[in-house]
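Undergrad: quick one: sequence and predicted model below, then my questions.
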Amino acid sequence: MAIIVFLPRLPTDCSICLSAQRQRRLISARGRLPWFLGIIAFVQAVSAEGCTGTSATMRLDPAECTSWQRFFDSTGGRAWDVCSDKRDDPCACADGISGLTCDTDGHVAHIVRVDLENGNVRGTLDPLLGMRKLQHLVLRGNDMHGTLPKEMATLTDLLHLDLDNNRLTGTIPDLRRLAKLTSLKLFSNEFEGSFPPWLASATHLQQLVLSNNRFEGTVPDLSALTSLMTLFAGKNRLSGTLPSSLSDMPKLTGIDFFDNALRSPGDLDFHKFTSWCDLSMNAFACPVTKVARRLCQATSTPCAPTVLSTSVAGNHNVTVFFEPPDETGGKGIRLFTVTSHPGGRVATGKVSPISVGNLHNGKEYTFTVTASNVNGESDPSAHSKPIAPVATKISGLLRLGAGLVVAAQLVVCLLPSARGAVKRSFFRALAKHKKEAKHLPL
């Protein structure tokens, strides 16, 4: 008579991986246990392998094994795995093809490099936090989401962190404990908040890439980063003035602050940035030096136009004459804007003069003019001399005369026989109005 014993499938997670000594103790204890518990202990000892070792590798550190398997499972590892059995023996394929590199301390193996660039990896970074010996983490060009966890600071051996082109969000946590970090690349994610202040103490950093995010505020003093060679922070929302200390950093030869809201390039020595310099598409106030424009593509808003003293008052309007600025910021002027004070009435145009309407007759106004290009709007000009719109009888008479001409033309067209009489009446009325106009003030 056969007896069939159904045993549950036991997990292979490394958190229950058993040492060889413990396996022997469990197996030898079968004599003191009920027979079915002995069978369970034996099967568990055999099946609870966790991350296996191969003839060429030692068994992976249990904590790192658990961390790796969590990452593998949560990111759909079967879809991007290029090496069979990488889940349970990640170091077996560590030959450059698998994207993993393992090392050993003589007793146990450790994952020191994860390079899955453009690997169709989808998930979060949290499962990787158990890899305490990790030195290189490259996940650029994937679909990583969530935040950059603050526990990343526990990976104190990390040298290179490349998370370019993902969907990571939130602020950058304080990672100053990563004292060995030489390269931080976060290009084209959705990070936000201020420029990470802890970076000012990352003294081993050589490459810093923060472009295409939503960082805002000012750029801090980074003069302590004596090893930094490239600083790319384009296409963010940074403002204020670039710190002059950027020129004093001995190895810094490349900067990129393209497409921000910076108001001044500061007192930088632009000749220093020999490998790359792009300061275009900011809101630099006029003027920007020709050297900055030539070496770093630094353009600015135009300088302010000059209001002339020949403004002309009309009925509920004033026509303002002005001179365009000599310095246009390196870009063509797109628009001039005239604003009344008080009241804030605005009129725009591409050339001088520009007439501002909807004003109150008899009330004095001054006017300012601004010029705009692709970088933004200039500072306003000085105020014009006060001037008040005024209604005139001449304008009324001219309108009346124009009405008489139209009426006469209609009558002549309709009644050809009345042409002579209409002509004589029209000229008599026009002569009368001319005579009255001579006595009106202009």
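TA: Structure received. Residues are numbered from 1 along each chain as shown.
Undergrad: state the distance from the closest residue to residue 307 other than its chain neighbours to residue 202.
TA: In space, and not counting its chain neighbours, residue 307 is closest to residue 384: 4.4 Å by Cβ to Cβ, 6 or more residues apart in numbering. Backbone N, C-alpha and C define where each C-beta goes, glycine included. Going from residue 384 to residue 202 by Cβ to Cβ, to the nearest Å gives 53 Å.
Undergrad: quick one: the residue most central in space within the chain and residue 281, what's the gap?
TA: Taking Cα atoms, centre = their mean, the centroid of the chain lies closest to residue 236, which sits 2.8 Å from it. From residue 236 across to residue 281, the span is 12 Å (Cβ to Cβ).
Undergrad: overlap of the contact sets of the two?
TA: 259-260 (Cβ atoms under 8 Å, 6 or more residues apart in numbering).
Undergrad: quick check, residue 370 in a strand?
TA: Yes: Residue 370: assigned to a strand according to DSSP: H, G, I helix; E, B strand; the rest coil.
Undergrad: if it is in a bridge, with which residues?
TA: Note on residue 370: beta-bridge partners by DSSP bridges are residue 337.
Undergrad: report the contact partners of it.
TA: Taking Cβ under 8 Å, 6+ apart, we find residue 370 in contact with 304-305, 336-337, 339, 377-381.
Undergrad: hmm, which two among those are most spread apart?
TA: 336 and 379 (13.5 Å; Cβ to Cβ).
Undergrad: looking at the two, which is more packed in?
TA: residue 336 (24 against 14; other Cβ atoms under 10 Å).
Undergrad: so where's the stretch 301-442 of the chain uncertain?
TA: 392-442 (pLDDT under 70).
Undergrad: now do the strands in it.
TA: 306-307, 312-314, 317-320, 322-323, 335-341, 346-349, 354-356, 366-373, 376-377 (DSSP state E, counting those that start in this stretch).
Undergrad: distance to residue 215 added to these, as CSV?
TA: Shown next, in CSV, are the strands of the stretch 301-442 of the chain (distance: least, Cβ to Cβ, whole Å):
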stretch, distance to residue 215
strand 306-307, 38
strand 312-314, 49
strand 317-320, 41
strand 322-323, 38
strand 335-341, 30
strand 346-349, 33
strand 354-356, 39
strand 366-373, 25
strand 376-377, 20
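Undergrad: nearest to residue 172, of the ones you listed?
TA: Among these, strand 376-377 sits nearest to residue 172 (Cβ to Cβ), with 28.2 Å.
Undergrad: ok, residue 74 touching residue 127?
TA: Yes: using Cβ atoms under 8 Å, residue 74 is in contact with residue 127, at 5.6 Å.
Undergrad: neighbour count: the two, which is higher?
TA: Neighbour totals were compared for residue 74 and residue 127, and residue 127 leads with 18 against 13 (other Cβ under 10 Å).
Undergrad: pretty sure that one sits in a strand.
TA: No: when classified by three-state DSSP, residue 127 is found to be helix rather than part of a strand.
Undergrad: which residues touch it?
TA: Per Cβ under 8 Å, 6+ apart, neighbours of residue 127: 67-68, 70-71, 74-75.
Undergrad: can you pull out the helices in the protein?
TA: Remark: helices assigned in the chain by DSSP state H are 20-28, 35-47, 62-74, 77-80, 290-296, 393-414, 419-437.
Undergrad: any idea how this structure splits into domains?
TA: 1-50, 62-296, 306-377, 393-437 (automatic domain parsing).
Undergrad: how distant is the longest one from the center of its chain?
TA: Here the centre of mass of C-alpha atoms in domain 62-296, compared against the chain's by Cα atoms, centre = their mean, to the nearest Å, lies 15 Å away.
Undergrad: for it, measure first residue to last.
TA: Start-to-end span of domain 62-296 (Cα to Cα, to the nearest Å) is 52 Å.
Undergrad: tell me the average confidence for it?
TA: Mean pLDDT, domain 62-296: 91.
Undergrad: same check, this time on the first one
TA: Mean pLDDT, computed over domain 1-50, is 42.
Undergrad: the closest residue to residue 251 other than its chain neighbours: how many residues sit nearby?
TA: What sits nearest to residue 251 in space, not counting adjacent residues and going by Cβ to Cβ, 6+ apart, is residue 229, at 4.9 Å. Using other Cβ under 10 Å, residue 229 is surrounded by 17 other residues.
Undergrad: now swap in residue 358 and tell me
TA: 11.
Undergrad: and for residue 136?
TA: Quick note: residue 136 (other Cβ under 10 Å) scores 16 neighbours.
Undergrad: correct me if wrong: it contacts residue 115.
TA: Yes: counting by Cβ under 8 Å, residue 115 is a contact partner of residue 136 at 6.6 Å.
Undergrad: identify the contacts common to those two.
TA: residue 101.
Undergrad: list the contacts for the nearest residue to residue 177 once chain neighbours are set aside?
TA: Nearest residue to residue 177, sequence neighbours excluded (Cβ to Cβ, 6+ apart): residue 153, at 4.2 Å. With contacts defined as Cβ under 8 Å, 6+ apart, the neighbours of residue 153 are 173-178.
Undergrad: of the residues you listed, just the buried ones, PyMOL syntax please.
TA: Only the buried entries of the contacts of residue 153 go into this PyMOL selection, using 16 or more other Cβ atoms under 10 Å:
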select buried, resi 175+178
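Undergrad: now tabulate the contacts of residue 153 in TSV and tack on distance to residue 260.
TA: Putting those into TSV (distance: Cβ to Cβ, whole Å) gives the following:
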residue	distance to residue 260
173	23
174	24
175	23
176	25
177	29
178	26
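Undergrad: and of the contacts of residue 153, the nearest to residue 158?
TA: Of those, the one sitting nearest to residue 158 (Cβ to Cβ) turns out to be residue 178, at 5.3 Å.
Undergrad: residue 155 is in contact with that closest one, correct?
TA: Yes: under the criterion of Cβ under 8 Å, residue 178 makes contact with residue 155 at 7.0 Å.
Undergrad: quick check: the closest residue to residue 170 other than its chain neighbours vs residue 125, distance?
TA: Once flanking residues are discounted, residue 170 sits nearest to residue 147: 3.8 Å by Cβ to Cβ, 6+ apart. Using Cβ to Cβ, residue 147 is found at 8 Å from residue 125.
Undergrad: could you do residue 338 as well?
TA: Residue 338 is 54 Å from residue 125, by Cβ to Cβ.
Undergrad: residue 106 too?
TA: Taken as Cβ to Cβ, the span from residue 106 to residue 125 is 30 Å.
Undergrad: higher neighbour count, these two?
TA: More crowded of residue 106 and residue 125, by other Cβ under 10 Å: residue 125, with 20 against 5.
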